[in-house]
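Q: with the input below, show me the fold.
(one chain, ligands or ions: 2)
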Amino acid sequence: MTTFTEEARSPENREPDSDRLTMETPQTGVVTPPAPSAAEARTEAQATQLPPVPNLGLPTFRQDGDTKESRPPLTLREIRKDNRVRVYIAKGNEQMQAIGYTEHGHRHAGIVATIARSILIALHHEERTAELAAIAGYLHDIGCVINRKGHVEAGALISFTILSDLGMEPLEIAEVIGAVGNHEEPYGEPINPVAAAVIIADKSDVHHSRVQNTSPKDYDIHDRVNGSVRKSFLHVDPDIKQIRLALDIDTNIASVMEYFEIFITRMTLCRKAAERLGCSYRVSINGQDV
Ligand SMILES: [Fe+2]
Ligand SMILES: [Fe+2]
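A: Ligands and ions are numbered 1, 2, ... in the order given. As a prediction, the model looks like this:
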């Protein structure tokens, strides 16, 4: 069992070439027009020739967004160094603090990234899939730099721009932005293992250190519930296929009922996410399964 804490494509079937015309008839199947003569081909090539593009020393991209030069896959370590990632997450958290929300900055991003990666490693997913979960985990709340409301969609679009600029493969970008775009109830769905891991990791980060409100008398229910959690552990057991969130809470600060009041929809989403990973989901509070 692993425990995580807060620290923690034959020619017959080929698609038609985009530069060739094909005609389909009921008698003969697929018929291609006769090839142009060498002279016709030369004239056609000259007519479509474009002036040379000056080499500005910038990386070149194909229309599908892939870089021509091969490069090692992008890692979270590189993404964290990007100035946009550093600034937007920090400024997003400033917005959350200004409206009295719990911490959504680099601390939360780092914890969610680490836990999302660890969940998939513990459940024997491929390392690259786990790295994509870490990347999505780190970026999932970056949309808060615009507004809490709509931060899921905004975050997916901001992530798309940054990851495209950094040269990530489109298939990987799709995994990441799909996870960012599905991390929050009520519209989030654990569409794949990456999204499922990010959902569970995000909802596991309930802890007193997330409270940013410096005036306890102004605490809302979210502050009280987060403020009551002294310890938070996520146990992943691949043998019995169970993911369990174990919380130690101070019931003098928030009652178990208050925890349920704001966490019931989150726990429902976590249960669906765990099912996507082939696991059950349990929560225990002060040693008691709930
Ligand atoms: Fe969020
Ligand atoms: Fe979050």
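
Q: lowest-scoring secondary structure element of the protein by mean pLDDT?
A: Sorting the helices and strands of the chain by mean pLDDT, DSSP states H and E puts strand 23-25 at the bottom, at a mean of 28.

Q: which positions in stretch 230-241 come out as buried?
A: 232-237 (16 or more other Cβ atoms under 10 Å). From N, CA and C alone the C-beta is placed, and that goes for glycine too.

Q: how about the contacts made by Ile173?
A: Ile173 makes contact with 65, 159-160, 163-164, according to Cβ atoms under 8 Å, 6 or more residues apart in numbering.

Q: quick one: name the residues of this structure near ligand 2.
A: Contact residues, the chain versus ligand 2 (Cβ under 5 Å from the ion): 141, 202.

Q: how about a cut-off of 8 Å?
A: By Cβ under 8 Å from the ion, the part of the chain that sits against ligand 2 consists of 104, 108-109, 112, 140-141, 183-184, 202, 205.

Q: burial of the closest residue to Tyr138 other than its chain neighbours, as a residue count?
A: Excluding the flanking residues, the one nearest Tyr138 by Cβ to Cβ, 6 or more residues apart in numbering is Ala113, at 4.1 Å. Using other Cβ atoms under 10 Å, Ala113 has 24 neighbouring residues.

Q: now do Ala113 against ligand 1, distance only.
A: 14 Å (Cβ to the ion, to the nearest Å).

Q: cool, and Tyr138?
A: On the measure of Cβ to the ion, Tyr138 and ligand 1 end up 12 Å apart.

Q: quick one, what contacts that residue?
A: 76, 79-80, 85, 109-110, 112-113.

Q: hmm, try it at 10 Å
A: Contacts for Tyr138 (Cβ atoms under 10 Å, 6 or more residues apart in numbering) come out as 76, 79-80, 85, 89, 106, 108-114, 116-117, 159, 176, 180, 198.

Q: that one belongs to a strand?
A: No. Tyr138 is assigned helix when assessed by DSSP: H, G, I helix; E, B strand; the rest coil, not a strand.

Q: so which residues of the chain form strands?
A: 2-5, 23-25, 29-31, 229-237, 242-249, 280-285, 288-289 (DSSP state E).

Q: just checking: what are the partner strands of the fourth one?
A: Going back to what we said before, that points to strand 229-237. strand 2-5 (antiparallel), strand 242-249 (antiparallel) (DSSP bridges).

Q: tilt between it and strand 280-285?
A: On the basis of axes from the mean of the first three to the mean of the last three Cα atoms, to 10 degrees, strand 229-237 is oriented at 150 degrees to strand 280-285.

Q: in the stretch 51-200 of the chain, which residue sits closest to ligand 2?
A: Distance from ligand 2 to each residue of the stretch 51-200 of the chain (Cβ to the ion) is smallest for Asp141, at 4.4 Å.

Q: which parts of this protein sit against ligand 1?
A: Counting by Cβ under 8 Å from the ion, the chain sits next to ligand 1 at 104, 140-141, 143-144, 151-152, 155, 183-184, 202.

Q: about what we covered before: can you pick the most crowded of the residues of the chain next to ligand 2?
A: Busiest of these [other Cβ under 10 Å] is His140, holding 32 neighbours.

Q: isn't that residue right up against Lys203?
A: No. Counting by Cβ atoms under 10 Å, His140 stays clear of Lys203, with 11.3 Å between them.

Q: related to what we said a few turns ago, for the contacts of Ile173, which entry has the maximal number of neighbours?
A: Ser159 (27 neighbours).
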